[in-house]
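In: fold the following, please.
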Amino acid sequence: MSYNKNILLIGGTSGIGKALLERLSTDHKVTKIFATYHRHKPDTNTTDKVVWLNMDVREEGSIKQAIADINRQTQHIDWVINAVGLLHTNTNQPEKAVRQLDAEFFLQNMTLNALPSLLIAKHIISLLKAGTPSELRPAIYATISARVGSISENELGGWYSYRMSKAALNMGMKTLSIEWQRTLKNVCVAVIQPGTVDTPLSKPFQANVAKDKLFTPDACARHLLKVLNELTVEDTGCFIDWAGKTIAW
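Out: Reported below is the predicted structural model:
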């Protein structure tokens, strides 16, 4: 079965998002990619498939405006991929102990990691509803999460802000999948762990990562797209890794 996809890629300017954009741009099944940036519109020679949109995922008004811009250009979106995330800043690193907890940094993590996927979902519903109407090829709403967001697999402790924001994200997406099973029956909501990827986000924490477990952004994008292309409606509400294996909540 051949079909064409319109894709919304949130965070298309660096790391995983940029690698996803490069691979999706060469996919003949992809018709249009609406890729978002925060501060500076990329000055790159992307294909005619790519439409750049400004979006500050911390602001609902910015999200609403970007999706309104998409709505003026297409009647449907088939895939949404949110690749935006925060692990550390110039002034804050993940906490090793509770005494290091900083309220402002905690809220930054929640604002960037947990909330945006719900706000985007709130405003993208009508475009997703008109997406690919097939159980074999569902519309997909995917969010990049992290294994450390698993409560069951937390054996090391630490990283309070990041762990809690990703656990909150996971709960939000699981809850969304249940709602959309009733109202958007041909949408698969997926939470995906990309592995450890050689990007600025993970750079300070790569020392103990085995060479074969540190992925290039391109390898990560290849893994993620393979998983996304294999999802069905029955998989909605899943929490899976880059190889498609289930992660315990």
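
In: quick check: Asn154 touching Arg163?
Out: Yes - taking contacts as C-beta atoms under 8 Å, Asn154 lies within contact range of Arg163: 6.7 Å. C-beta here means a position set from N, CA and C on the backbone, and glycine is covered the same way.

In: quick one: which of the two has more around it?
Out: Arg163 (21 against 14; other C-beta atoms under 10 Å).

In: which residues touch that one?
Out: Contacts here follow C-beta atoms under 8 Å, 6 or more residues apart in numbering; on that basis Arg163 touches 148-149, 154.

In: relative to Pro194, how far out is it?
Out: Separation of Arg163 from Pro194 (C-beta to C-beta, to the nearest Å) stands at 16 Å.

In: again, but for Asp27
Out: Note on Asp27: its distance to Pro194, by C-beta to C-beta, is 18 Å.

In: so for those two, which sits in the more crowded spot?
Out: Neighbours were counted for Asp27 and for Pro194 using other C-beta under 10 Å; Pro194 has more, 27 against 15.

In: where do the contact lists of Asn154 and Arg163 overlap?
Out: Val148.

In: strands of this structure, start to end?
Out: Taking DSSP state E as the criterion, the chain carries its strands at 5-10, 30-37, 50-54, 79-82, 139-144, 187-193, 196-197, 214-215, 238-241.

In: mind putting those in a markdown table, mean pLDDT, distance to Thr111 and mean neighbour count included?
Out: Below are those laid out as a markdown table (pLDDT from 0 to 100; distance: least, C-beta to C-beta, whole Å; neighbours: other C-beta atoms under 10 Å):
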| stretch | mean pLDDT | distance to Thr111 | mean neighbour count |
| --- | --- | --- | --- |
| strand 5-10 | 96 | 14 | 24 |
| strand 30-37 | 96 | 16 | 21 |
| strand 50-54 | 97 | 18 | 17 |
| strand 79-82 | 98 | 14 | 25 |
| strand 139-144 | 97 | 15 | 26 |
| strand 187-193 | 97 | 18 | 25 |
| strand 196-197 | 86 | 22 | 22 |
| strand 214-215 | 85 | 27 | 18 |
| strand 238-241 | 98 | 22 | 18 |
